[in-house]
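>>> I need the structure of the sequence given here:
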Amino acid sequence: MAQGLKSELLIAYFVLYFAAAFVWPTLRLWHRERVNALVLPSDDSAHGIIANWFRVLIGAVFAFLAALAFGLPAEMLGPLVWMEGTFTDATGWLLLIGSLVWIVVAQAHMGQSWRIGIDTGNRPPLVREGLFGRSRNPIFLGMRLNLAGLFLVLPNAFTLAAFVLGEALIQVQVRLEEMHLSSAFGREYEAYRHEVRRWL
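Numbers count the residues shown, from 1 in each chain. Model prediction:
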């Protein structure tokens, strides 16, 4: 597949991904419950720093894909030629599509508990059903698979850096959320923690 066409398909995919995985459930929660799901701070706390780096990562991925679509030579991005191939490309697309479906299903299971960030002002119910009965963090798991898929579709230094940065941010954010849930739900969360693994 030509580099320009692949970049355009990836831009279309990520627009759909963010609309379906983040914008739509946030608007749906506001419409149904009048609850603002976007609770990412911009302060100097650990949570605020992680949130800001997530914003940087998302912006960088979109800027990178747009630059490729507008003709930035792939050679400038440190291509990992030894990883390129039909199998790698197909695996990457499967991860991208599968992770989107997984995240959308997980968000449906979250219902009124859906948040982007840690909601310290409210206490939505602890979700343990559906995919949350298999993984304590199915949405973050989907995000990890998503970044892995992008790396496999476009294996280069930038997508590798995005994958590594995303992995680090997600690992820290998950642990911050675990601390919050443990404080908010006490024994109920500790029991859930012992019953269900962090990832799978």
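>>> How about residues contacting stretch 54-71?
The contact list for stretch 54-71, computed with CB atoms under 8 Å, 6 or more residues apart in numbering, reads 3-4, 6-8, 10-11, 14, 18, 40, 74, 77, 150, 154, 158-159, 162, 165-166, 169, 173. In this view, the C-beta of every residue, glycine as well, is placed from N, C-alpha and C.
>>> actually stretch 176-194, not the one I typed
Stretch 176-194 has contacts (CB under 8 Å, 6+ apart) with 46, 47, 50, 118, 120, 123, 126, 128, 136, 137, 198.
>>> can you check stretch 108-116 too?
So stretch 108-116 is contacted by 22, 25-26, 29, 32-33, 35, 37-40, 107, 124-127, 129-132, 138-139 (CB under 8 Å, 6+ apart).
>>> Pull out the buried residues from the single longest helix found in the chain.
Secondary structure of the chain per DSSP state H: the longest helix is helix 157-185. For helix 157-185, burial by neighbour count (16 or more other CB atoms under 10 Å) applies to 158-160, 162-163, 165-166, 169-170, 173-174, 177, 181, 184-185.
>>> avg pLDDT for it?
Mean per-residue pLDDT for helix 157-185: 96.
>>> show me what contacts the residue positioned nearest the centre of the chain?
By CA atoms, centre = their mean, the chain has its centre lying nearest to residue 143, at 3.0 Å. For residue 143, the contact set (CB under 8 Å, 6+ apart) comprises 99, 103, 166, 170.
>>> ok, now residue 18?
Contacts for residue 18 were tallied using CB under 8 Å, 6+ apart; they are residue 58.
>>> Flag every buried residue along the helix or strand harbouring it.
Secondary structure from DSSP states H and E places residue 18 in helix 3-18. Residues of helix 3-18 classed as buried by neighbour count (16+ other CB under 10 Å): 6, 7, 9, 10, 11, 13, 14, 17.
>>> Run the chain-centre distance for that helix.
Relative to the mean C-alpha coordinate of its chain, helix 3-18 is positioned 16 Å out (CA atoms, centre = their mean, to the nearest Å).
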